[in-house]
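# can't give you the sequence, but here's the structure:
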C-alpha cells in the first residue's frame, strides 16, 4: 500500500510557537539593515507555514535569507563565547603578574622617595655653595677695590714728588724763591716728610733748610750743600720706593683681577649647580608622584583581580547560555521547519523469521560436530 501524503497547504503543528524564538534571534542580529530584519521577522510565519515540497520559490528565497541571518547570529554568539573564554584565560594568567607588578611598583616608589631626599640634600648643598661663592666674590671685589685704590694713591704721591723735585725744589736749590715761597717750600718738604714717612727728616735738617735756601748758591757752605743734598736724596729715594711699589702693585693688581674673575666663574658655576639642583628636585618629585600613581594603580589591579575573575566567569557562562538559547530557541526550530516534509517516512521492512534447523529422523544419530 502506497504511503499517504498530507494534503497541500497542511501545516506543521505549533509552527507559531516555533517561530517565536526565531523572530527574537532575527531582530537581535547585528550587521543587517533594521528594516530587512523587521520584514523577515514579520513574514516568518508565512515563510515557514508550508512544508519544503510545497514551499514557493519566494518563500524559499526568504527562508535562505533567514538562514543566513541565523548563521551570522550563531557566528556572533560563538565569537562571544570565544572572547569570554579568552578574557578568562587572560585573567588567569595575570594573577601572578599583577602581584609582581604591585611589588615592583612599591620598590620603585621607595627608590623614587630616596632619590627625592638625595636631590633635596644636593639642592641644599648647592644653595650653601652659592652663598659662599657670593661672599667670596664680594671679598675679592673688595680686595681689588682696596688694592687698586692704594695703587692710585701711590701713583699720585709719586707724581707729586716728581713735580715737586722738578719744580719748587729746583727753584729752592737755585735760590730764586722769595721769603714767602721759601716758607711754603719748607712747609711742603716737611709735609712730604711726614706724609711719606721719611723718618730721616729730623728737626735740625728742617730748621736749617730755610736759611740754606735763602742763600745764593755761591754763598752756601759745605753744610748748606750737604743739607740740600740730603733732602734731595730723601725725596728721590721716596720717589724710587713709590715706583718700586707701583711695579710690584701691578702684579698684585693682576692677581686681584684674576681672583675676581675666578670668583665670578665660581659664582656662575654655583648658580648653574643651584639651578640644576632645583630642577632635579622638581623632576624627582614628579617621578615620585608618578611612582605613587603607578603603585596605587597596581594595588587596585591586584585587589580587583578576584571580582574581575568572577565577572569573567559570569560573562563566559552568559555567553554559553546565550549560545544555547540561540541554538535551542532559534536554530533548532528553524532547522526543523526548514526540513519539514509532507512525505511520510518509509515504513520499516518486515522482519523475516528464521526457519528452525531440521531434526534428524528418529533412530538416526545426530551429525557429529566438526573437529576443532
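Received it, and whenever you're ready, just let me know what you need. If you're wondering where the values come from, they're calculated on a predicted model, not measured in any experiment. Numbering: from 1, shown residues only.

# and after the longest helix belonging to the chain, which helix or strand comes next?
Longest helix in the chain, counting residues (DSSP state H): helix 57-166. Sequence order places helix 168-174 as the next helix or strand after helix 57-166, per DSSP states H and E.

# what does that following helix rub up against?
With contact meaning C-beta atoms under 8 Å, 6 or more residues apart in numbering, helix 168-174 is reached by 177, 181-182, 184-185, 188-189, 213, 217, 228, 231-232, 235. Where you see a C-beta, it was placed from the backbone N, CA and C, and this is true even at glycine.

# Could you do stretch 215-222 as well?
Contacting residues not belonging to stretch 215-222 are listed as 173-175, 212, 224, 228 [C-beta under 8 Å, 6+ apart].

# Next, the contact list for residue 330, please.
By C-beta under 8 Å, 6+ apart, residue 330 lies in contact with 21-22, 24-26, 70, 73.

# before we move on, back to that, of all the contacts of helix 168-174, which comes closest to residue 246?
Closest to residue 246 out of these is residue 235 (16.6 Å), distances taken as C-beta to C-beta.

# The closest one and residue 170, how far apart?
11 Å (C-beta to C-beta, to the nearest Å).

# neighbour-wise, which of the two wins?
Higher neighbour count among residue 235 and residue 170: residue 235, with 21 against 12, using other C-beta atoms under 10 Å.

# who's in contact with that one?
Residues near residue 235 by C-beta under 8 Å, 6+ apart: 161, 164-165, 169, 189, 192, 198.

# possible to save the residues you listed as TSV with neighbour count, distance to residue 81 and pLDDT?
Output for those, formatted as TSV (neighbours: other C-beta atoms under 10 Å; distance: C-beta to C-beta, whole Å; pLDDT from 0 to 100):
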residue	neighbour count	distance to residue 81	pLDDT
161	22	114	84
164	18	118	82
165	17	119	82
169	22	123	78
189	24	122	74
192	20	117	74
198	17	117	54
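
# out of these, which one sits closest to residue 316?
Of all those, residue 316 sits closest to residue 161, with 110.8 Å by C-beta to C-beta.

# before we move on, the earlier item: for the contacts of residue 330, give me JSON lines that also has pLDDT and secondary structure.
Converted to JSON lines, the contacts of residue 330 look like this (pLDDT from 0 to 100; DSSP: H, G, I helix; E, B strand; the rest coil):
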{"residue": "21", "pLDDT": "89", "secondary structure": "helix"}
{"residue": "22", "pLDDT": "90", "secondary structure": "helix"}
{"residue": "24", "pLDDT": "91", "secondary structure": "helix"}
{"residue": "25", "pLDDT": "90", "secondary structure": "helix"}
{"residue": "26", "pLDDT": "90", "secondary structure": "helix"}
{"residue": "70", "pLDDT": "91", "secondary structure": "helix"}
{"residue": "73", "pLDDT": "92", "secondary structure": "helix"}
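
# and those residues, which are buried?
Burial by neighbour count, 16 or more other C-beta atoms under 10 Å: within the contacts of residue 330 this picks out 21-22, 25-26, 70, 73.

# residue ranges for the helices of the stretch 251-372 of the chain, please.
305-326, 332-338 (DSSP state H, counting those that start in this stretch).

# What are the buried residues along the first one?
What it means is helix 305-326. Residues of helix 305-326 classed as buried: 305, 308-309, 312, 315-316, 319, 322-323, 326 (neighbour count, 16+ other C-beta under 10 Å).

# do stretch 297-307 as well
Neighbour counts over stretch 297-307 (16+ other C-beta under 10 Å) mark 298, 301-302, 305 as buried.

# pLDDT weak spots in the stretch 51-200 of the chain?
Along the stretch 51-200 of the chain, segments meeting pLDDT under 70 span 176-179, 193-200.

# related to what we said a few turns ago, wait, which of the contacts of helix 168-174 is closest to residue 104?
residue 235 (88.1 Å).

# For that closest one, pull up the helix or strand it's in.
In this structure, residue 235 is located in helix 222-303 according to DSSP H and E.
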